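*Asks:* what would the 3D arrangement of this be:
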Amino acid sequence: LAFSSFLLQCFLGAVWLAQCNEIKDKELPQYLALTPRKKRPYDNWLEGVPRFLAGLVFQPRAHCLGALVEPAVAAVADRKQKVLTRYLKRLKLGTLRAGRLLELLHCAHETQQPGIWEHVAHQLPGHLSFLGTRLTPPDVYVLGRALETASQDFSLDLRQTGVEPSGLGNLVGLSCVTSFRASLSDTMALWESLQQQGEAQLLQAAEEKFTIEPFKAKSPKDVEDLDRLVQTQRLRNPSEDAAKDLPAIRDLKKLEFALGPILGPQAFPTLAKILPAFSSLQHLDLDSLSENKIGDKGVSKLSATFPQLKALETLNLSQNNITDVGACKLAEALPALAKSLLRLSLYNNCICDKGAKSLAQVLPDMVSLRVMDVQFNKFTAAGAQQLASSLQKCPQVETLAMWTPTIPFGVQEHLQQLDARISLR
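*Replies:* Residues are numbered from 1 along each chain as shown. Here you go, the predicted structure:
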């Protein structure tokens, strides 16, 4: 027989598994497909079967299987109930991927056994990431119930889940959820909806719990959404009172920009415009293995933000097509970061002797700097000697990495012998 209804197929399959003698009791947990198997791909089993199976096996006999089959067959279901109970309680939630974790919650919920449900809920880790896993309304409902049952605090990562605004609001509104991540567009849509509905208390919770730490911009839309977030704050806090800043902006410490050599130069001006809003920023990575190539114009725009980035400790400008023009502009602005900057990377750019000289001149002013990387640039022995001479005035610097093919090997070896802090690796 063929059934057009997918759910009916799942239900009948679960009924057969719950009452048949052909499946050994010890094999039954494999059909829940909660843990990966090497010998047989049970992950391809009908999607709804595990939930139906858990519900049928644990239903009271008088209301479910007991009314459908003979007493002897019902006894088989009793044995299977013990097997599934043991299996569900032995599962280690920390080893399950997000999709299987959700399926486990559904199965535990369908059993309607307080012992199983509470055991599973209390094992939930404090940080739950569903990144890239579809969250349907039933998923949101079961997840919300599990979080409430667990009696502990949680942080949730709900990015790329397709969660509906109402579902997102339900999860965020739980007192046990202390922080969450979701896409910027989804989160701001939720804020707007709550504001229109007059849900002031839930809106406040959604704003206070939202975090973007750490943030990695991988597309122009990411930068546009971040710009929109900053503009939202400026509209709500025109007086620029730091106490009223959105926590997501105020607490951001690491920001990566990875758009590549084509989109990077186009999107960076927008990012540079909003950088001053992130007053707690400690790590700014403009390389991320993407060669953004923001160029001298990008460095000029970035340098103008330094006076507002008072907490910046790491600045990565590697592989950005920076020439002497950009290096000189950067050197002029670096003293604004003198008390905070610990690491500066200009690896694999186009800096020649003039740029190296400018960096050498500012180096003694960088009283907090510990590591500087100028490897794979284009300065010659003259630029290298100026940097090495300046290093002598900087006892706080631990490493100066400056190997580059344009410096004769003998000169590099000599400079390293004069100061062991010069790295040629």
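*Asks:* now the strands for the chain?
*Replies:* Assigned by DSSP state E, the strands in the chain fall at 127-129, 154-157, 177-181, 215-217, 254-257, 283-285, 314-316, 343-345, 371-373, 399-401, 422-423.
*Asks:* quick one: contacts of the fifth one?
*Replies:* Read it as strand 254-257. Residues from elsewhere that reach strand 254-257 (C-beta atoms under 8 Å, 6 or more residues apart in numbering): 213-217, 223, 264, 268, 271, 278, 281-286, 288, 290, 292. All C-beta spots, glycine's among them, are computed from the backbone N, C-alpha and C.
*Asks:* tell me the contacts of Lys332?
*Replies:* For residue 332 the amino acid is Glu, not Lys. If you count contacts by C-beta under 8 Å, 6+ apart, Glu332 has them with Ser303, Ser358, Val362.
*Asks:* what is the neighbour count of the second one?
*Replies:* This means Ser358. A total of 21 residues lie near Ser358 under the criterion other C-beta atoms under 10 Å.
*Asks:* ok, it to Phe379 distance?
*Replies:* Distance check for Ser358 against Phe379: by C-beta to C-beta, to the nearest Å, it reads 11 Å.
*Asks:* mind putting the strands of the chain in TSV, mean pLDDT and distance to Leu143 included?
*Replies:* What follows is the strands of the chain, written out as TSV (pLDDT from 0 to 100; distance: least, C-beta to C-beta, whole Å):
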stretch	mean pLDDT	distance to Leu143
strand 127-129	96	8
strand 154-157	97	9
strand 177-181	97	10
strand 215-217	95	24
strand 254-257	96	28
strand 283-285	97	32
strand 314-316	98	36
strand 343-345	98	40
strand 371-373	98	43
strand 399-401	96	47
strand 422-423	92	49
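*Asks:* switch these over to CSV; also include distance to Ala200.
*Replies:* Shown next, in CSV, are the strands of the chain (distance: least, C-beta to C-beta, whole Å):
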stretch, distance to Ala200
strand 127-129, 27
strand 154-157, 22
strand 177-181, 18
strand 215-217, 27
strand 254-257, 30
strand 283-285, 35
strand 314-316, 39
strand 343-345, 43
strand 371-373, 47
strand 399-401, 52
strand 422-423, 56
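*Asks:* can I get those in a markdown table including mean neighbour count?
*Replies:* Formatted as a markdown table, the entries for those read as follows, by neighbours: other C-beta atoms under 10 Å:
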| stretch | mean neighbour count |
| --- | --- |
| strand 127-129 | 15 |
| strand 154-157 | 20 |
| strand 177-181 | 19 |
| strand 215-217 | 19 |
| strand 254-257 | 20 |
| strand 283-285 | 20 |
| strand 314-316 | 20 |
| strand 343-345 | 20 |
| strand 371-373 | 20 |
| strand 399-401 | 19 |
| strand 422-423 | 18 |
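*Asks:* then stretch 104-121 to PDB, C-alphas only?
*Replies:* Provided in PDB are the C-alpha atoms of stretch 104-121 (Å, rounded to 0.1, in the frame of the first residue of the first chain):
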ATOM      1  CA  LEU A 104      16.200  14.200  21.400                       C
ATOM      2  CA  LEU A 105      14.200  17.000  23.100                       C
ATOM      3  CA  HIS A 106      11.200  16.100  20.900                       C
ATOM      4  CA  CYS A 107      11.600  12.400  21.800                       C
ATOM      5  CA  ALA A 108      11.900  13.100  25.500                       C
ATOM      6  CA  HIS A 109       8.900  15.500  25.300                       C
ATOM      7  CA  GLU A 110       6.800  12.800  23.500                       C
ATOM      8  CA  THR A 111       7.500  10.200  26.200                       C
ATOM      9  CA  GLN A 112       5.600  12.400  28.700                       C
ATOM     10  CA  GLN A 113       7.800  10.900  31.400                       C
ATOM     11  CA  PRO A 114       8.900  13.500  33.900                       C
ATOM     12  CA  GLY A 115      12.000  11.500  34.800                       C
ATOM     13  CA  ILE A 116      13.300  11.300  31.300                       C
ATOM     14  CA  TRP A 117      12.300  14.900  30.400                       C
ATOM     15  CA  GLU A 118      14.000  16.400  33.500                       C
ATOM     16  CA  HIS A 119      17.100  14.200  33.100                       C
ATOM     17  CA  VAL A 120      17.500  15.400  29.500                       C
ATOM     18  CA  ALA A 121      16.800  19.100  30.300                       C
END
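*Asks:* list the buried ones in that stretch?
*Replies:* For stretch 104-121, the neighbour count (16 or more other C-beta atoms under 10 Å) marks 104-111, 113, 116-117, 119-121 as buried.
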